[in-house]
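*Asks:* how does the following fold in three dimensions:
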Amino acid sequence: MDINLLIDQLVTYALRQKLITPQDRSWAINELLALLKLDEYKPTGFNGKTPDYPCEILSKICDWAAKQGLISPDTITMRDLFDTKLMGVFAARPSEVINEFFTLRKKSPKKATDKFYHDARALDYIRTSRVAKNLAWKARTPYGNLDITINMSKPEKDPKDIAAALKMKASSYPLCLLCKENEGYAGRVNHPARQTIRLIPLDLLKDGEPWYLQYSPYVYYNEHCICLSGKHEPMKLTKKSFARLLNFVELLPHYFIGSNADLPIVGGSILTHDHFQGGRYTFAMAKAPVEKTFKLSKFPRVKAGIVKWPMSVIRLNGPKQDLIEAGDYILKKWRTYSDPKADIISKTGDTPHNTVTPIARRRGKAFELDIVLRNNRTTPEFPLGIFHPHAEVHHIKKENIGLIEVMGLAVLPARLAKELKDLTPYLIRKDVKGIRKNEALAKHAAWAEQLLKKHTFTAKNAEQILQAEVGRVFAKVLEYAGVYKRNAEGKAAFERFIKKL
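*Replies:* Numbers count the residues shown, from 1 in each chain. A predicted model of the protein is given here:
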């Protein structure tokens, strides 16, 4: 393995991706030599084709580094720490990235994010090769074509890394994965390296309050971005939240932005740091029509309606400031609203249950705000949540329904890839007894019985049928998460809340 050739390939890649200029070449080589503990270098004259992303070159350099004892133990985590350090050589300084972003934004918001996203992928901060391993398809449902993904991109922890992490001294720096202090951080075995991440400061309230734009390293959809508070403070939805969301889509009108709910069960996986998620993608929920309009007497310039969607969504359309006020008005009403007939109780003692998942976007020049009503109450019958996936769908999805799923993109566990594949021969043989005897597949037995009543499985059609049926289960998951069911009783209960508005 010629390490000189690999260095030349990586530097040539960086030049062609415009991460560095020809004037930077010798400097970049010397920076890599220092990281690789090399005193000498022999140019190979490489001028061949380079890949679209650096992962193949980096993998070979990591193989070499592991043999030299520079990566020990040789695990995915340790390789990630090492190859991120290498790519950090080609990352521009934060001030340069920020200046370039806002210079381009004056010409076009799209040009600004195009360059920012390109560099995040080119630097391998967005792990493109791993994201490509995700399984993805669309499933036709009464609510439109839902996006289904099985998340295969995040590597499992190696036992060696877990053991090493246990021996490490506890650290509170950075406080979490969303803190601004991650920018440039070298990482450790229990915290990812971040030499290649860059953040764009956004003055979302136009008062100097620090918020930042970055991309997610494991994108679930096109240009999946994160907008995070500069302060490590818990998620909290207030009037300011609506202002930040709508000001964001004023700055970047080609992006949507949304917030997870701020309560457990119905919230996201990180509630300790206030943040939003957005990107350049149109979800099924954004395409869903308004099936019934109503008037908000306090806000005559706002068009309001109930969206045809498995969850309970109020859509507002109108001037930005009016939507901020109307969104805050609806949130405050919902926070204190109870309807025992519909299982909605706003508080148990001092513990609140009602909150919302808000999503902002542009419709041409107009602003649009979707407000998804959420309630996290539990009962002995539904210990994981009344408005949470119920037991019958846990074989497909048991985890929280956060912002991304609310909008119509299923993020399903990696186990499903193997389980669906292993389930196929049993379905072709119509062998439900065999499924019940298989420890890993037994959870799917009742579902398999239902499927065999509807379909005749063959080697040719099994994958297509299973993908469609997983989509139907995900639609059911969203229906369970909806506070108002899509039946006569649910619609009447939704109307009762609308009248309160």
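*Asks:* got a pLDDT number for residue 268?
*Replies:* Residue 268 is assigned a pLDDT of 79 by the prediction.
*Asks:* what packs against the one helix or strand residue 241 maps to?
*Replies:* Residue 241 belongs to helix 239-251 when assigned by DSSP states H and E. If contacts are counted by 3 or more CB pairs under 8 Å, 6 or more residues apart in numbering; DSSP states H and E, helix 239-251 sits against strand 256-258, strand 275-279, helix 320-335, strand 354-363, strand 366-375. Where C-beta positions appear, they are placed from N, C-alpha and C, glycine not excepted.
*Asks:* direction included, what does the second one pair up with?
*Replies:* For strand 275-279, sheet partners with direction are given as strand 225-229 (antiparallel), strand 256-258 (antiparallel), following DSSP bridges.
*Asks:* now the ones you listed as a markdown table including distance to residue 346 and mean pLDDT?
*Replies:* Formatted as a markdown table, the strands paired with strand 275-279 follow (distance: least, CB to CB, whole Å; pLDDT from 0 to 100):
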| stretch | distance to residue 346 | mean pLDDT |
| --- | --- | --- |
| strand 225-229 | 26 | 98 |
| strand 256-258 | 23 | 98 |
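*Asks:* among those strands, show me which one is buried the most.
*Replies:* strand 256-258 (a mean of 26; mean count of other CB atoms under 10 Å).
*Asks:* that older thread, right, and the helices and strands packed on helix 239-251 - which one's nearest residue 290?
*Replies:* strand 366-375 (10.3 Å; CB to CB).
*Asks:* so what are the sheet partners of the closest one and their directions?
*Replies:* strand 313-318 (antiparallel), strand 354-363 (antiparallel).
*Asks:* of those strands, which is nearest residue 134?
*Replies:* strand 354-363 (22.5 Å).
*Asks:* point out where the chain drops to low pLDDT.
*Replies:* 155-159, 161-168 (pLDDT under 70).
*Asks:* centroid-nearest residue for it?
*Replies:* Residue closest to the average C-alpha location in the chain (CA atoms, centre = their mean): residue 220, at 5.3 Å.
*Asks:* unless I'm mixing things up, residue 105 is touching residue 114, no?
*Replies:* No: because the distance of 10.9 Å does not satisfy CB atoms under 8 Å, residue 105 is recorded as not touching residue 114.
*Asks:* tell me which of those two has more neighbours.
*Replies:* residue 105 (18 against 15; other CB atoms under 10 Å).
*Asks:* hmm, who's touching stretch 462-470?
*Replies:* With contact meaning CB atoms under 8 Å, 6 or more residues apart in numbering, stretch 462-470 is reached by 137, 139-140, 148, 396, 410, 412, 416, 420, 423-424, 427-428, 447, 451, 455, 457.
*Asks:* give the buried residues for it.
*Replies:* 462, 465, 466, 467, 468, 469, 470 (16 or more other CB atoms under 10 Å).
*Asks:* out of the helices and strands packed on helix 239-251, flag the one nearest residue 19.
*Replies:* strand 275-279 (22.6 Å).
*Asks:* re the thing from before, quick check: buried residues in the helix holding residue 241?
*Replies:* 240, 241, 242, 243, 244, 245, 246, 247, 248, 249, 251.
*Asks:* out of those residues, which comes closest to residue 260?
*Replies:* Among the buried residues of helix 239-251, and counting by CB to CB, the member closest to residue 260 is residue 241, at 10.9 Å.
*Asks:* next, the contact list for residue 416, please.
*Replies:* Contacts of residue 416 (CB under 8 Å, 6+ apart): 150, 396, 470.
*Asks:* now the one helix or strand residue 6 maps to, how far from the centre of its chain.
*Replies:* When elements are assigned from DSSP H and E, residue 6 belongs to helix 3-16. Relative to the centre of its chain, helix 3-16 is centred 32 Å away, using CA atoms, centre = their mean, to the nearest Å.
*Asks:* and stretch 236-256, by the same measure?
*Replies:* The answer for stretch 236-256 is 17 Å, by CA atoms, centre = their mean.
*Asks:* if we can go back for a sec, from the buried residues of stretch 462-470, which land in helices?
*Replies:* Within the buried residues of stretch 462-470, residues falling in helices by DSSP state H are 462, 465, 466, 467, 468, 469, 470.
*Asks:* let me have these in JSON lines, extended by distance to residue 304.
*Replies:* Output for these, formatted as JSON lines (distance: CB to CB, whole Å):
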{"residue": "462", "distance to residue 304": "45"}
{"residue": "465", "distance to residue 304": "40"}
{"residue": "466", "distance to residue 304": "39"}
{"residue": "467", "distance to residue 304": "36"}
{"residue": "468", "distance to residue 304": "34"}
{"residue": "469", "distance to residue 304": "35"}
{"residue": "470", "distance to residue 304": "34"}
